[in-house]
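>>> sequence and computational prediction follow.
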Amino acid sequence: MTPHAEFEKMTPSVMKNTEHLVSVKRSYFNILALFLGDEKIETRFLRCLLKWGFQLHLNPEDLKQADVDISNLKFNSIGDKVEKLEAIYHLVYMIYLDEVVEDVELEVATIYAEELGFKANVVSELFKSIATEPYDESGERNVRQEVMDFLKVYEG
């Protein structure tokens, strides 16, 4: 299956109530909060953030479900290391799935990763891991387990 087909499979209409999509949207709102917290946001970053919002098919109901008030949106350095890496993983996976990887997307992901306490290279390492995943001999994807395994190798 091509990455684009995988992305189509992951659209909100198909994954409406899945934990994965909720987690991706939560990560998106946190990234949005990080950049909106700056006094001035670069146009290229704003375009990137808007692109991701469109890809996630965000709507007012998503804001309501996530209990998000855009005017009071604040960046949150989420839980433990695994949760933080999982948030980065979701973001990098979303970047990979649309088959159009832009430098600005990787830059935004790197800024987010650094803000969560990781080194900049975690984004490229995750990207390599995700891109080679179709060639791995594994069955069903278990995102949390993939993240925990990656963290062991990354920190090792």
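Happy to help now that I have it.

>>> low-confidence bits of this structure, can you list those?
Within the chain, the segments meeting pLDDT under 70 span 1-19, 67-69, 134-145, 154-156.

>>> one more time with 50
By pLDDT under 50, the weakly predicted segments of the chain are 1-9, 11-17.

>>> next, the most centrally placed residue in the chain: phi, psi?
In the chain, the centroid-proximal residue (CA atoms, centre = their mean) is L91; its distance is 1.5 Å. Torsion angles at L91 (phi, psi; degrees, to the nearest 10) stand at phi -60, psi -50.

>>> ok, now F118?
The phi/psi pair for F118 (degrees, to the nearest 10) is phi -100, psi 160.

>>> quick check: F35 touching L49?
Yes - contact status for F35 versus L49: in contact at 6.2 Å, counting by CB atoms under 8 Å. Yep, even glycine has a C-beta here, placed from its N, CA and C like the rest.

>>> in contact with the residue nearest to the residue nearest to the centre of the chain when sequence neighbours are not counted, which residues?
Excluding the flanking residues, the one nearest L91 by CB to CB, 6 or more residues apart in numbering is A109, at 5.3 Å. Neighbouring residues of A109 by CB atoms under 8 Å, 6 or more residues apart in numbering: 88, 91-92, 95, 123.

>>> report how many residues lie close to F35.
18 (other CB atoms under 10 Å).

>>> for N121, same thing?
11.

>>> state the distance from it to K128.
From N121 across to K128, the span is 10 Å (CB to CB, to the nearest Å).

>>> joint contacts of these two?
Joint contacts of N121 and K128 (CB under 8 Å, 6+ apart) do not exist.

>>> the residue nearest to the centre of the chain and N30 touch, don't they?
No - L91 is beyond contact range of N30, at 9.6 Å (criterion: CB under 8 Å).
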